[in-house]
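Q: Using only what follows, build the 3D model:
(chains A, B, C and D)
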Protein chains: 2
Amino acid sequence: MTENIVQKLRDDIENGILTNQFAPGDRLDEMQLAKQFGVSRTPVREALMQLSAIGLIEIRPRRGAVVVEPGPHRIYEMFEVMAELEGMAGSLAARRHTDADRTELLAAHGRCEQSANADDADAYYYDNELFHRAIYIASHSSFLIEQCSALHRRLRPYRRLQLRVRNRMKTSYSEHAGIVEAILSGEAERARTLLRQHIAVQGDRFSDLVATLAQREARAG
Amino acid sequence: MTENIVQKLRDDIENGILTNQFAPGDRLDEMQLAKQFGVSRTPVREALMQLSAIGLIEIRPRRGAVVVEPGPHRIYEMFEVMAELEGMAGSLAARRHTDADRTELLAAHGRCEQSANADDADAYYYDNELFHRAIYIASHSSFLIEQCSALHRRLRPYRRLQLRVRNRMKTSYSEHAGIVEAILSGEAERARTLLRQHIAVQGDRFSDLVATLAQREARAG
DNA sequence: ACGTCCATTCTTGTATACAAAATAGTTGAC
DNA sequence: GTCAACTATTTTGTATACAAGAATGGACGT
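A: Sure thing, here's the model as predicted:
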């Protein structure tokens, strides 16, 4: 019965939001959640406040908590910032990576290759996360690692949607190859540019995003 | 007696931390704070959790909350990320600024000039915040504005320390001039580079930071 | 005399009770 | 018949009570 209750609640509710179990716009009732998880309102409230701090829900005074729907433009902005932060991480990684980082990055890249060849979207989704995480870690900036991880986590559901687009997996993997090469050869600016382009939702990819969002909306509605 | 109590507590405690009233390493006792502010422990706990989410304090299970001391390297990393985000904001501002943004930016720049000429560090500190905020807003990316504002706020006390360094105010103002010119003339990449350099704690400025931190530490200790 | 173990106390974590505000439903008036 | 106002219910916000774990101090043993 330690503080873990709040952590568990936070993770469970967050998961529920990310898996669309709690759809955007839904009201999160404290009493209902408390009953559902068999705890009192107190830890539920604390968990909700943490989610509010992350930005997943919005708590309006005396009006309760609702799941936030970012909207396509907002999501675009978030990817825009993510692109810049990842570019920075790549740039630092190119300059600072150690032998261990190099090994880890190549291993993650190899796993992505396998998943892409097997055409396994779920596996690629997971391996891709580890690939990017390897870059963050190679930047050797603990604060940047935290910032990147937080935003990456926040964008997780939309990243998953993007993989649905035809050939995105293969394209993504081939972009990874260039990024790995740039980082390991120490070309900081090239790593930055390639990562920026890899993340950014530009041109066609924005309409793809809007389209997949609309699909999900229809399915949930 | 609305939810404002938590907000007020959060702001007051945050202010106490930023003004070194609660020094790094201090334990924040829930009951003591509750008595001090004339409320119960419940809103105090919620305020502390929000501060924990911001990163100002750390809550260890069953061990209470302590004020975080980032340490010079950590602060350096935070400025490093801030530099990149501000550079991004400047780049976007150069491309997207409206006439209203232009007016606001020039006004803020003018106020900085007055404060710098008057050698008024407190006024410059305040006007400088508005100057940078004007750039964020001119980027027209609501998410970036939020991210920049949050990190700017987090770095506020150290920014203040930096102004103590001899001539930093005048130097800062002259850097602003170049930034304004780059943004208003639409030179995105130059705006990015200048802002990056303006923010980054490079070379001598890092030792300056460490020195002023040590001074503050000695004064508080 | 010093170290270790146990008990007491203090603090955090959770539940419940109480208060205040917002929403919804009903009734009355135009 | 529709709109508005008032009341009742639901739900959030705060306080207090209770439980459990950690820190501290004393006593006992070596």
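
Q: what about the host helix or strand of residue A:171, distance to the chain center?
A: Here residue A:171 sits within helix A:168-184, counting by DSSP states H and E. Remark: helix A:168-184 is offset 18 Å from the chain centroid, using CA atoms, centre = their mean, to the nearest Å.

Q: Against which helices or strands is that helix packed?
A: If you count contacts as 3 or more CB pairs under 8 Å, 6 or more residues apart in numbering or on different chains; DSSP states H and E, helix A:168-184 packs onto helix A:72-96, helix A:99-117, helix A:121-138, helix A:188-199. Where you see a C-beta, it was placed from the backbone N, CA and C, and this is true even at glycine.

Q: Tell me what angle that helix forms with helix A:72-96.
A: 30 degrees (axes from the mean of the first three to the mean of the last three CA atoms, to 10 degrees).

Q: Deepest in the core, which of the helices and strands packed on helix A:168-184 is it.
A: Among the helices and strands packed on helix A:168-184, the stretch with the highest mean neighbour count (mean count of other CB atoms under 10 Å in any protein chain shown) is helix A:72-96, at a mean of 23.

Q: and the residue lying closest to residue A:175 once chain neighbours are set aside, how far is that from chain B?
A: In this structure, residue A:175 finds its nearest non-sequential neighbour in residue A:198, 4.7 Å apart by CB to CB, 6 or more residues apart in numbering or on different chains. Distance check for residue A:198 against chain B: by CB to the nearest CB, to the nearest Å, it reads 17 Å.

Q: Residue A:198 is in contact with residue A:177, isn't it?
A: No - using CB atoms under 8 Å, residue A:198 makes no contact with residue A:177, being 10.9 Å away.

Q: buried sites along the helix holding residue A:171?
A: Buried positions in helix A:168-184, judged by neighbour count with 16 or more other CB atoms under 10 Å in any protein chain shown: A:168-169, A:172-173, A:176, A:178-180, A:182-184.

Q: Dump the helices and strands packed on helix A:168-184 to JSON lines, plus mean pLDDT and distance to residue B:188.
A: As requested, these are arranged in JSON lines below (pLDDT from 0 to 100; distance: least, CB to CB, whole Å):
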{"stretch": "helix A:72-96", "mean pLDDT": "97", "distance to residue B:188": "13"}
{"stretch": "helix A:99-117", "mean pLDDT": "97", "distance to residue B:188": "31"}
{"stretch": "helix A:121-138", "mean pLDDT": "96", "distance to residue B:188": "25"}
{"stretch": "helix A:188-199", "mean pLDDT": "98", "distance to residue B:188": "14"}
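
Q: Please name whichever of those is nearest to DNA strand C.
A: helix A:72-96 (23.8 Å; CB to the nearest atom of the strand).

Q: Which other helices and strands does that closest one contact?
A: helix A:121-138, helix A:142-162, helix A:168-184, helix A:188-199, helix A:204-220, helix B:72-96, helix B:142-154.

Q: elements contacting the shortest one?
A: In terms of contacts (3+ CB pairs under 8 Å, 6+ apart), helix A:188-199 is packed against helix A:72-96, helix A:168-184.

Q: Near residue A:118, how many other residues are there?
A: Using other CB atoms under 10 Å in any protein chain shown, residue A:118 has 10 other residues around it.

Q: need the contact list for it.
A: Residues counted as contacts of residue A:118 (CB atoms under 8 Å, 6 or more residues apart in numbering or on different chains): none.

Q: Look up the pLDDT of it for me, please.
A: Looking at residue A:118, its pLDDT stands at 95.

Q: And for residue A:148, the neighbour number?
A: Number of residues near residue A:148 (other CB under 10 Å) recorded here: 23.
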